[in-house]
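Asker: This is a predicted model, with the sequence first.
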Amino acid sequence: MTTKQPDLESAYSLKTPDDSRRLYAAWADDYDRGFAVQQDYRLHIETARAFVGAGGQGPVLDVGAGTGLCGMVLAEEGVGPIDATDISAEMLAKAMKKDIYRDAIEADLYEGVPAPEGSYAGIVSSGTFTHGHVGPEVIDGLLRIARHGAQFALSINTKHFETMGFAAFFDDLARGRIASLSLPEVAIYGPRGEGPHRHDTARIALFEKR
């Protein structure tokens, strides 16, 4: 029997944390070349640059860091130190080989990142808030480990943003817990992207913790 190779459709169909662990364990070795390069993936670039453009600085937590694509851009932009967190130990192992992260934290966002309150001056996430992954409710846990005034840059697949209630969630946060919210829309893939999702977009939620 031939085992189906991990792909974007598989990722968008995830149902449980264990599903995520299995998929990304199998995808880790080929993710950068077999997905990011071939599909002209650029969301990590857009997210990192939005963070820097908003004045973001370290120490920063790269949430859903995967193999470290977003962290590489942050490091190239002079941001640091950077810690990585992801549900997949295999993806984190690939990320740590890039020698850009201070620490790796294996964690399920629904259970919270095991870090002290106020640990980070910046929180960045690219590609984690999307179909089959996490909803807005995990942002509460990220706010806990962020300092007052911390800059956030969270990419959110536009369709996922609409179906999972992000707009109402951010409206509620903006009543006192966050400031300077903006939601620019960016392309997830460059012109060489292929397949049914090549024109997909994401919102980058830029805001500061009050």
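Answerer: Alright, I've got the coordinates.

Asker: Need the phi and psi values for Ala54.
Answerer: Backbone torsions for Ala54, taken as degrees, to the nearest 10, come to phi -90, psi 0.

Asker: got it, and Asp200?
Answerer: Dihedral angles for Asp200 - degrees, to the nearest 10 - are phi -60, psi 150.

Asker: From Tyr101, how far off is the closest residue to Pro116 other than its chain neighbours?
Answerer: Counting by C-beta to C-beta, 6 or more residues apart in numbering, Pro116 lies nearest to Ile145, which is 7.1 Å off, once chain neighbours are set aside. Quick note: C-beta positions are derived from backbone N, CA and C, even for glycine. To Tyr101, Ile145 is 16 Å away according to C-beta to C-beta, to the nearest Å.

Asker: Now do the strands in the protein.
Answerer: Secondary structure of the chain (DSSP state E): strands located at 60-63, 82-86, 103-106, 120-129, 146-157, 178-182, 185-187, 201-209.

Asker: Same list (those) but as TSV, adding mean pLDDT.
Answerer: Below are the strands of the chain laid out as TSV (pLDDT from 0 to 100):
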stretch	mean pLDDT
strand 60-63	98
strand 82-86	97
strand 103-106	97
strand 120-129	96
strand 146-157	97
strand 178-182	97
strand 185-187	96
strand 201-209	97
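
Asker: Deepest-packed of those strands, please.
Answerer: Ranked by mean neighbour count, the strands of the chain are led by strand 60-63 with a mean of 28 (mean count of other C-beta atoms under 10 Å).

Asker: Give the other helices and strands that that strand contacts.
Answerer: Counting contacts by 3 or more C-beta pairs under 8 Å, 6 or more residues apart in numbering; DSSP states H and E, strand 60-63 packs against helix 69-76, strand 82-86, strand 120-129.

Asker: of all the ones you listed, which lies closest to Val113?
Answerer: In terms of C-beta to C-beta, the element of the helices and strands packed on strand 60-63 nearest to Val113 is strand 82-86, at 5.3 Å.

Asker: and the angle for that closest one with helix 69-76?
Answerer: 180 degrees (axes from the mean of the first three to the mean of the last three C-alpha atoms, to 10 degrees).

Asker: Adding distance to Ser180, write the helices and strands packed on strand 60-63 out as a markdown table.
Answerer: Putting the helices and strands packed on strand 60-63 into a markdown table (distance: least, C-beta to C-beta, whole Å) gives the following:
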| stretch | distance to Ser180 |
| --- | --- |
| helix 69-76 | 20 |
| strand 82-86 | 22 |
| strand 120-129 | 14 |
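
Asker: Quick one, which of the ones you listed gets closest to Gly190.
Answerer: Gly190 lies closest to helix 69-76 among these, at 13.5 Å (C-beta to C-beta).

Asker: now the closest one against strand 146-157, angle please.
Answerer: 130 degrees.

Asker: returning to that earlier point: what about the residue nearest to Pro116, distance to Gly58?
Answerer: Distance of Ile145 to Gly58, computed by C-beta to C-beta: 14 Å.

Asker: Which one of those two is surrounded by more residues?
Answerer: The residue with more neighbours, out of Ile145 and Gly58, is Ile145; 20 against 17, by other C-beta atoms under 10 Å.

Asker: Many thanks, I have nothing further to ask.
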